[in-house]
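**Q** When you get a sec, could you give me coordinates for this:
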Amino acid sequence: MSNRLSPLVVAILSVLSVGCMTESYLRRGDAAYASGRPEEALQYYEKVYRSSSDYRSDPAFQSRMQHIRVEALVAQGRRELVARRWDAALAKFDEAAGLEPSFETAARLRAEARQGAADDALDRAGKAADRNQLAEASQQCERGLAYVPGHSGLLQAKASLSPGGLGPQAQAQLSQATDLMNSQRWREAQAALAAMLESYPYHLAARARLATVQGKVGEADRMLGVVQVQMRKGDLGGAEKQLAELQRLSPHNEEAKALAATVGAQLGQARQLLGSAKAAEQSGRPGLALQQLEAARAQWPLGVAPSEIQRLQGVLRDLYPVRISWEADGPGAGLVRGGLLEKLGTGNDRRRDSFRLSVHVVPGQSLTQEVAAQRLQHSYGVRQIQPNPDLPELQRQADVRRMRERDARRSYDDAVRDLRRAQQQQPPPDDPHRHNDIERLERRVRTASDELRRAERESESAWRRLRSAPPTVEVTTTVLWPYVQRTMRKTLAVSAVAAMSYGGTDVVTPTQFSRSATSEDSFIEGANPQVGLGEDPLVLASDQALEASAGSAVADDVAAWAASTAHEAWARQLEASAQELERQGKTGDAVELRMAAAAHRNGQ
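**A** Here you go, the predicted model:
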């Protein structure tokens, strides 16, 4: 009996299968619609429509499918509406209204989309006006009115682009603001335009002018900020130039006028002082010139170069120099003479107006002491010859491989013998298994042969490793050798007493100085060259080298102290002389001495 189904049965089963699928689609569509997913429901209904002619001819099904389609379009339109894609939303709502004009939700959402598109166009028109792009603003107004012809904001915005479009009062306010702009009264114009936009919030021409005015006001404020920073830094020249540009931009700015007056007054005083300084220097009065320069710098910090101040101070120090003569004695005098000669000169100036420096130098005794001791260990290797520890394992592996080779050879010989015996036997004429037995024995011989060759290779390899292994090996053992590393420090101090007098009178009380020099090195206690730990002999600087180093440092200290003390004492004498000249009415000479005293103090 044949297992094939008849065509009639196949057709019946196909119809039943399609019917089941149709009903399944219909149930899924109803469930999706009940759950608020009309788009998913529409997909299932369309599958039902394509698969069932009965439903295609059912008016109730078609009506329900059309209503679901309308709700799916509305759902798509809602998404476009939320994304502010107005035209796409309107297309969906228009299509839905065309399918079902009585569907109120589609009509309401279409009105919302038109209102949103119009409001968006009004917003873009305002932003275009803020950029002073009135042509683009007009186009946005036309586009918005195409959506909502009666939109009050768009009607006001469009009318504001025509002269007198919003009435004579608005035109008068705009003209007043324009006059203020033409006269560069930016802040007044800003206030007037802001007041006008309170009454006419969609006046695009006023917004365009306000954007221009705000740019001017912002630029003026920026320039004012730059001027204030320049004034704080003392850059009056830069502030003067910036204020000139600011006044060209905003000539009625009261703050700029006040700052210009302040800057002009300070610059006038500073320039007058600079002129006086130049004249004083030309007349041989460098002190007066320095006084005028410092006063000008107080008015105009960046108008006077520091190098000019320093130059005049140097001129005054040269006109009223400090003269120092010096001598060194004591057992360590030779240690400081070179340093004093380098810092203070030859020291043989014996004039009465020179300061006399005397230095008594005494070197100390060197002191050597241990400052650190570390107990350490030196590691070194000892080589020894020992029997190869790998030989027993290699011998064992070779023996195991030989036994495996012997077993494999025995198995191979047995397999060959069994095969030959089977081939030599005379089987009965009707034995059906003879051929299979021969094949089985041949496979056994081939397998035994493969195993024998593998065992021979492994045995040969194991014996080769055993024969090539050395009988002995060299082993290195690490050994530790203890030792002590000692650090020694050698110290030597040089002391000095310095005194300074002027005209036989001590300027200050004698001052003591002391500097030390050190030398450090390490040596190894317990060295053993035989284990690689060589001797590291102690090498410290000699007493002469330490004395020279410490003496040089003392000379530097004494020279710095002498120069500072002499300059301060000389400055006090110059000030005393200036006071005496002032009592005598010689003000000009007094200024020279007083400024020379200040130059000596600043030049230390």
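**Q** From the contact counts, what lies against the biggest helix by length in the chain?
**A** Counting residues, the longest helix found in the chain (DSSP state H) is helix 543-583. Here helix 543-583 touches strand 323-329, helix 334-344, strand 354-363, strand 472-502, strand 511-525, helix 587-602, going by 3 or more CB pairs under 8 Å, 6 or more residues apart in numbering; DSSP states H and E. Every C-beta, even on glycine, is put in place using the N, C-alpha and C of the backbone.
**Q** is it possible to export these to CSV including mean neighbour count, mean pLDDT and distance to Gly218?
**A** Below are these laid out as CSV (neighbours: other CB atoms under 10 Å; pLDDT from 0 to 100; distance: least, CB to CB, whole Å):
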stretch, mean neighbour count, mean pLDDT, distance to Gly218
strand 323-329, 19, 90, 64
helix 334-344, 18, 89, 61
strand 354-363, 21, 92, 65
strand 472-502, 16, 91, 66
strand 511-525, 16, 93, 65
helix 587-602, 20, 90, 46
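**Q** Of those, which is nearest Gly287?
**A** Closest approach to Gly287 among those is made by helix 587-602 (3.5 Å; CB to CB).
**Q** Show me what that closest one is in contact with.
**A** Residues from elsewhere that reach helix 587-602, judged by CB atoms under 8 Å, 6 or more residues apart in numbering: 285-288, 290-291, 312-314, 316-317, 319-320, 322, 567-568, 570-572, 574-575, 577-579, 581-582.
**Q** among these, which ones are buried?
**A** In terms of neighbour count (16 or more other CB atoms under 10 Å), the buried residues within those are 285-288, 290-291, 312-313, 316-317, 320, 322, 567-568, 570-571, 574-575, 577-578, 581.
**Q** Where does pLDDT dip in this protein?
**A** Along the chain, the model assigns pLDDT under 70 to residues 1-20, 35, 44, 347-353, 426-435, 604.
**Q** Now do the residue lying closest to Asn388 once chain neighbours are set aside against Gln386, distance only.
**A** The shortest distance from Asn388 to any non-neighbouring residue, by CB to CB, 6 or more residues apart in numbering, is to Val473 (5.1 Å). Remark: distance between Val473 and Gln386 (CB to CB, to the nearest Å) = 6 Å.
**Q** quick one, the longest helix of the chain and helix 334-344 angle?
**A** 40 degrees (axes from the mean of the first three to the mean of the last three CA atoms, to 10 degrees).
**Q** Helix 543-583 versus strand 323-329: what angle between them?
**A** With the same axes, to 10 degrees defining the directions, helix 543-583 sits at 150 degrees from strand 323-329.
**Q** which one is Ser52 nearest to, not counting chain neighbours?
**A** Across the structure, with CB to CB, 6+ apart as the measure, the residue nearest Ser52 apart from its sequence neighbours is Thr22 (4.6 Å).
**Q** From Pro286, how far out is that neighbour?
**A** Spatial separation of Thr22 from Pro286 under the definition CB to CB is 116 Å.
**Q** and if you look at Pro389?
**A** Distance from Pro389 to Pro286, by CB to CB: 97 Å.
**Q** Met500 too?
**A** Relative to Pro286, Met500 is positioned 28 Å away (CB to CB).
**Q** Over to Val539?
**A** In this view, Val539 and Pro286 are 58 Å apart by CB to CB.
**Q** And Ser379, by the same measure?
**A** Ser379 is 76 Å from Pro286, by CB to CB.
**Q** again with Tyr147
**A** Relative to Pro286, Tyr147 is positioned 85 Å away (criterion: CB to CB).
**Q** again, but for Leu341
**A** Counting by CB to CB, the separation of Leu341 from Pro286 is 31 Å.
**Q** and if you look at Arg323?
**A** With distances taken as CB to CB, Arg323 is found 20 Å from Pro286.
**Q** Likewise for Gln313?
**A** Spatial separation of Gln313 from Pro286 under the definition CB to CB is 9 Å.
**Q** and of the helices and strands packed on helix 543-583, who's closest to Glu142?
**A** Set against Glu142 and scored by CB to CB, these come closest in helix 587-602, at 77.2 Å.
**Q** Give me the angle between the closest one and helix 543-583.
**A** Using the same axes, to 10 degrees, the direction of helix 587-602 lies 160 degrees away from that of helix 543-583.
**Q** Run a quick neighbour tally on Ala137.
**A** The local packing of Ala137 (other CB atoms under 10 Å) involves 27 other residues.
**Q** That one and Ala121, how far apart?
**A** Ala137 is 10 Å from Ala121, by CB to CB.
**Q** Equivalent analysis for Gln242, please.
**A** 43 Å.
**Q** can you check Asp329 too?
**A** 103 Å.
**Q** for stretch 99-109, how far is the first residue from the last?
**A** Taking CA to CA, to the nearest Å as the measure, stretch 99-109 stretches 15 Å from start to finish.
**Q** Give me the residues contacting it.
**A** Counting by CB under 8 Å, 6+ apart, the neighbours of stretch 99-109 from elsewhere in the structure are 66-67, 69-70, 73-74, 77-78, 81, 89, 93, 96-97.
**Q** Likewise for stretch 110-121?
**A** When contacts are defined by CB under 8 Å, 6+ apart, stretch 110-121 is touched by residues 77, 80-81, 84, 86-87, 89-90, 93-94, 97, 140-141, 143-145, 147-148, 151, 153-154.
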